[in-house]
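Participant: Curious how this folds, go ahead:
(one chain, ligands or ions: 2)
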Amino acid sequence: LVAFLQPKLLAGRKVLITAGPTFEAIDPVRGITNLSSGKMGFAVARAAREAGAEVTLVCGPVSQPTPRGVTRIDVTGALDMHREVMARAAAQDVFVGVAAVADYRPQAAAEHKIKKDDGAPPAIMLVENPDILAEVAALPKPPLCVGFAAESRNLADYARKKRAKKKIPLIAGNLIEHGFGGEDNTLVLFDDAGQTPLPPGPKSELARALVAHIARLLRGD
Ligand code: CTP
Ligand code: CA
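Facilitator: Ligands and ions are numbered 1, 2, ... in the order given. Predicted coordinates for the structure are as follows:
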């Protein structure tokens, strides 16, 4: 019922969202990943869909049900996520990067399981992953780009710096104080107008408030 009552703030708009962690393989049974349940990204996808948008959700390994009416693309590593996003980004009105993308990946995954009896602990050479959000924002005609910043301290300072560095109009910041995988969150929005704290609450409600904020930026008011 709530879905029906939402104003169609994004009717006719195309919205691309990343969600969840990425998983960077070390060998066939091991990898490097980030903590992320995918709940916030899925909530944003659901809210955008309920606001009338055509929504594509590119997500790393999560166990979340696909929101009704949303096109879902499952990926594993940051390079897969990067490829699927860049193939679609130019055709979008909005891009929201909610994914906790691993900053680094092992240079090459071992073909076979690494065995303990091979000797000393193995060194894992890491290489940097592409910054998906910054690359989308640098497109010739970028969609309206929205980032997320989960920080353990100095939220406003780090969030503002990230917004400037990635050249994006809006970033949603949260302090990692609730842990991961919970239903509730606290978000502060940073944009040209300054700082807007959203009332703490369920991720579904925060997602609706974020979608309303995005719709206002799209309209230019
Ligand atoms: N992001 C991305 N691709 C990456 C890294 C981050 O698209 N390779 C996006 C995230 O989805 C998020 C935003 O950038 O929307 C901020 O991610 P975060 O990890 O907080 O920023 P980093 O620039 O990686 O900085 P750091 O991890 O050092 O805090
Ligand atoms: Ca990072």
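
Participant: only C-alpha atoms for contact and neighbour calcs from this point on.
Facilitator: OK.

Participant: Just read off the phi/psi values of the residue nearest to the spatial centre of the chain.
Facilitator: The residue lying closest to the centre of the chain (CA atoms, centre = their mean) is residue 98, at 1.5 Å. Here is the backbone geometry of residue 98 (degrees, to the nearest 10): phi -100, psi -10.

Participant: Kindly state the pLDDT recorded for it?
Facilitator: pLDDT, residue 98: 98.

Participant: do residue 1 as well
Facilitator: pLDDT at residue 1 comes out at 65.

Participant: ok, back up a step: report the separation between the residue nearest to the centre of the chain and residue 114.
Facilitator: For residue 98, the distance to residue 114 (CA to CA, to the nearest Å) stands at 32 Å.

Participant: Give me the below-cutoff pLDDT ranges for this structure.
Facilitator: By pLDDT under 70, the low-scoring segments of the chain are 1-3, 118, 178.

Participant: Next to ligand 1 in this structure, residues from it, please.
Facilitator: By CA under 6 Å from any ligand atom, the residues of the chain that approach ligand 1 are 97-101, 103, 129-133, 147-150.

Participant: And those residues, which is closest to residue 166?
Facilitator: Using CA to CA, residue 133 comes nearest to residue 166 of those, at 7.2 Å.

Participant: Am I right that the closest one is in a helix?
Facilitator: Yes - using DSSP: H, G, I helix; E, B strand; the rest coil, the secondary structure at residue 133 is a helix.

Participant: what sits against it?
Facilitator: Going by CA atoms under 8 Å, 6 or more residues apart in numbering, residue 133 touches 97, 145, 147, 166.

Participant: 10 Å instead, please
Facilitator: When contacts are counted by CA atoms under 10 Å, 6 or more residues apart in numbering, residue 133 touches 18, 82, 85-86, 95-99, 145-148, 166-168.

Participant: which among the residues you listed end up buried?
Facilitator: 18, 82, 85, 95-99, 145-148, 166, 168 (16 or more other CA atoms under 10 Å).

Participant: got JSON lines for the residues you listed, with secondary structure and distance to residue 183 too?
Facilitator: Converted to JSON lines, the buried ones among the contacts of residue 133 look like this (DSSP: H, G, I helix; E, B strand; the rest coil; distance: CA to CA, whole Å):
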{"residue": "18", "secondary structure": "strand", "distance to residue 183": "19"}
{"residue": "82", "secondary structure": "helix", "distance to residue 183": "28"}
{"residue": "85", "secondary structure": "helix", "distance to residue 183": "27"}
{"residue": "95", "secondary structure": "strand", "distance to residue 183": "23"}
{"residue": "96", "secondary structure": "strand", "distance to residue 183": "20"}
{"residue": "97", "secondary structure": "strand", "distance to residue 183": "19"}
{"residue": "98", "secondary structure": "coil", "distance to residue 183": "16"}
{"residue": "99", "secondary structure": "coil", "distance to residue 183": "17"}
{"residue": "145", "secondary structure": "strand", "distance to residue 183": "25"}
{"residue": "146", "secondary structure": "strand", "distance to residue 183": "21"}
{"residue": "147", "secondary structure": "strand", "distance to residue 183": "20"}
{"residue": "148", "secondary structure": "strand", "distance to residue 183": "17"}
{"residue": "166", "secondary structure": "coil", "distance to residue 183": "28"}
{"residue": "168", "secondary structure": "coil", "distance to residue 183": "27"}
